[in-house]
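>>> Okay, here's the prediction I keep looking at, along with the sequence it came from:
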Amino acid sequence: MCSENVHTSIRKLVCYGLETGLISAEDRIYAANSLCAVLGIDDYDPPEEIYRDLELEPILNSLLDYAVEKGIIEDSIVYRDLFDTKLMNCLMPRPSEVIEKFRSLYREKSPEAATDYYYKLSRDSDYIRRYRIAKDMKWTAATEYGTLDITINLSKPEKDPKAIAAALNAKQSGYPKCLLCEENVGYAGRVNHPARQNHRIIPVKINGERWCLQYSPYVYYNEHCILFNSIHTPMKIDKAAFGKLFDFVEQFPHYFIGSNADLPIVGGSILTHEHFQGGRYTFAMAAAPVEENYTIQGFEDVSVGRVKWPMSVLRLSSSDHERLTELGGRILEKWRKYSDESVFVLAETDGVPHNTITPIARKNGNLYELDLVLRNNITTEEHPLGVYHPHAELHHIKKENIGLIEVMGLAVLPARLKDEMTKLAEVIVNEGVKAVRNYPEIEKHADWAEQVLSKHKFTAENAMDIIKQEIGIVFSKVLEHAGVFKRDPEGIAAFGRFISSI
């Protein structure tokens, strides 16, 4: 790349910063000089043109190509990601400026205005890499439980062999302690830890403690946020956790907030750091109706119902969220110790606890709601990954843990499925379903494909639509497997016995 091109790219990035509001006119020279310093340029001669309606990815790619050409970085996705974050940091406001702007909008306008500003900043700064997330496959599937959301995650880049080797040989560091820690703000990153120089967080008081709000860099749904304890402390589901959820909802009533469970298998990917996930989205579970109501002695003022959902969900509803916290605490305490051998619900084996809860809190009109999803992580020889986990016959689609996002009705499926779906459709249409067993990369889907074909007539035009719909059906079965009390007469009766025990 000639110097004229790199100067134009720097100019475009500065114009992008001005256009998005990352910087003001008074910052443009400082930003340009900062970019020149990062790129090792001391003879900056920018064009005078003001560029508008800019797309960020081509600008960054141009600058990254220059950095590779000049030997500043290796041509690897890992090193490019580390370096483009360094470039974007030249356009970023200080953390204190972001916090002050957020608080000012919150005070003078509304919580929505504050989060709108912060979400836009997180996207414009490339902390949320929009152009990668746009590559994710997303669709919906109609099921007996409502319309489920299906996502194939394609936004997390694959590491190349060089970077993998470098990560193995890299000095192990305990700083930051994990990907959620507050110390990630401004962190330059390394081959085994992403750069976070364009990352900003918002301090929030939750039950009198310092917590921090941020958005997920891999947003799975609108305004997918993470609320995390400022102290690196393990996940814990207890009565106090329900109070924390409602403290957040009180401050941000336009967001729901929930938590992964606090045990392996039924928990999330990071159990070492207490955190919740929320956002501005209505999941199928939130829209699902209550199919049976119960009355809990001493809590007659609280509506309690079993939700029509493949997993075992109790919905508590009241105008007083403190009552929901109280009752939620009682239900959790009872569930932790509850066993019903007739339906293979065991609170513990050999002193190892199995029962916990995935909670979700929201405001629905004038009422507060607390959904309590009963979880159990027991394993057996037949189901070594978990009895209440996707069983082996569904692993060709989904093998990973069922965390909060899946619980609510959004499938996060592995990237391998994109190519497998395309190949599957092609083989079924051109060679017939029996031929699926001839291809190692899709052989795992053969039994399922034969079942699907018995219900549908495949053509080149409808094959992919059928496969997508049937994947949605599989996901509903995944959630059924994760349900502690099954939705048959025996399971419903067992659910009723648990309610009676409260």
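Now that the structure is in, tell me what you want to look at.
>>> Hmm, His232 and His273 touching each other?
Yes. Here His273 lies in contact with His232, judged by Cβ atoms under 8 Å, at a distance of 5.5 Å. All C-beta atoms are positioned from the backbone trio N, CA, C, and that covers glycine.
>>> shared neighbours, these two?
Common neighbours of His273 and His232 (criterion: Cβ atoms under 8 Å, 6 or more residues apart in numbering): 177-178, 181.
>>> List buried residues within the residues you listed.
Cys181 (16 or more other Cβ atoms under 10 Å).
>>> Looking at the shared contacts of His273 and His232, which one is closest to Asp42?
Nearest to Asp42 among the shared contacts of His273 and His232: Cys181, at 36.6 Å, using Cβ to Cβ.
>>> can you map out the strands along the stretch 1-150 of the chain?
For the stretch 1-150 of the chain, the strands defined by DSSP state E, counting those that start in this stretch occupy 137-143, 146-152.
>>> for the record, mean pLDDT for the first one?
On average, the pLDDT along strand 137-143 is 97.
>>> Show me which parts of it are buried, residue by residue.
The neighbour-count check on strand 137-143 (16+ other Cβ under 10 Å) flags 140-141, 143 as buried.
>>> Let's have the residues you listed in CSV, adding distance to Glu326.
Formatted as CSV, the buried residues of strand 137-143 follow (distance: Cβ to Cβ, whole Å):
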residue, distance to Glu326
Thr140, 37
Ala141, 38
Thr143, 34
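>>> Can you tell me which of those is nearest Phe344?
Thr143 (25.2 Å).
>>> Contact partners for the closest one?
So Thr143 contacts 472-473, 475-476 (Cβ under 8 Å, 6+ apart).
>>> can we see that at 6 Å?
Contacts for Thr143 were tallied using Cβ atoms under 6 Å, 6 or more residues apart in numbering; they are Ser476.
>>> what separates it from His389, distance-wise?
According to Cβ to Cβ, to the nearest Å, Thr143 and His389 sit 19 Å apart.
>>> Likewise for Gln469?
Counting by Cβ to Cβ - Gln469 and His389 are separated by 24 Å.
>>> domain parsing for the chain?
3-91, 157-217+220-388+489-501 (automatic domain parsing).
>>> want to try TSV for the ones you listed, with distance to Tyr127 and mean pLDDT as columns?
What follows is these, written out as TSV (distance: least, Cβ to Cβ, whole Å; pLDDT from 0 to 100):
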stretch	distance to Tyr127	mean pLDDT
domain 3-91	8	95
domain 157-217+220-388+489-501	5	94
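>>> hang on, the earlier thing: quick check, nearest of the buried residues of strand 137-143 to Pro95?
Among these, and counting by Cβ to Cβ, the member closest to Pro95 is Thr140, at 37.7 Å.
>>> can you count the residues close to the closest residue to the closest one other than its chain neighbours?
Spatial nearest neighbour of Thr140, excluding adjacent residues (Cβ to Cβ, 6 or more residues apart in numbering): Thr147 at 4.9 Å. Using other Cβ atoms under 10 Å, Thr147 has 13 neighbouring residues.
>>> hang on, isn't Thr147 packed against Trp139?
No. With contact taken as Cβ atoms under 6 Å, Thr147 and Trp139 are classed as non-touching, separated by 10.3 Å.
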